[in-house]
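> The following block contains a protein sequence and its predicted model.
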Amino acid sequence: MVKSQAKDPEWHLNDPRVRKWMVQCVICQVIGYCADAPEKFFGRYHLVKYFKPIDLDAAGICDDCRQVLDLSQLTVDS
Ligand SMILES: [Zn+2]
C-alpha cells in the first residue's frame, strides 16, 4: 500500500490547478467544486470524490441558501 497525498483531501486546497475550480458559498460556507467545471482537469477525480458540485449564483450563494432566501422573500412579500 503506497501512502500518497492523494488520500488527503486537504492537499487540494494548496494546488492552484485545483483551487481554481473550488467554490465556497458566502452564506453557509460549504466548500465544493464548480458545477461548470470541465470534464477533465487536474485533480477532478479527487474533487468529485471529496466534494460535491455547487452551483453558485452571481452573488456567490449556493442553491440551498438561495432556496431559503427565496422562501423568506416570499414571506416578506405576502
Ligand atoms: Zn450556501
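In hand now; what should we look at?
> so for the top helix by length along the chain, what's the average pLDDT?
Secondary structure of the chain per DSSP state H: the longest helix is helix 63-77. Taken as a whole, helix 63-77 has a mean pLDDT of 86.
> before we move on, what about stretch 12-20?
85.
> which stretch of helix or strand covers the spatially most central residue of the chain?
By C-alpha atoms, centre = their mean, the mean C-alpha position of the chain lies nearest to residue 32, the distance being 1.9 Å. Residue 32 is part of strand 31-34, with elements assigned from DSSP states H and E.
> Which positions in that strand come out as buried?
31-33 (16 or more other C-beta atoms under 10 Å). Every residue, glycine included, has its C-beta placed from N, CA and C.
> What about residue 54, how many residues nearby?
By other C-beta atoms under 10 Å, 20 other residues sit near residue 54.
> Test for you: state the pLDDT assigned to it.
Reading off the model, residue 54 has pLDDT 95.
> Phi, psi for it please.
The phi and psi values for residue 54, taken as degrees, to the nearest 10, are phi -130, psi 130.
> who's it bridged to?
Taking DSSP bridges as the rule, residue 54 bridges to residue 34.
> hang on, the earlier thing: what's the longest helix of the chain packed up against?
Helices and strands touching helix 63-77, as assessed by 3 or more C-beta pairs under 8 Å, 6 or more residues apart in numbering; DSSP states H and E, are absent.
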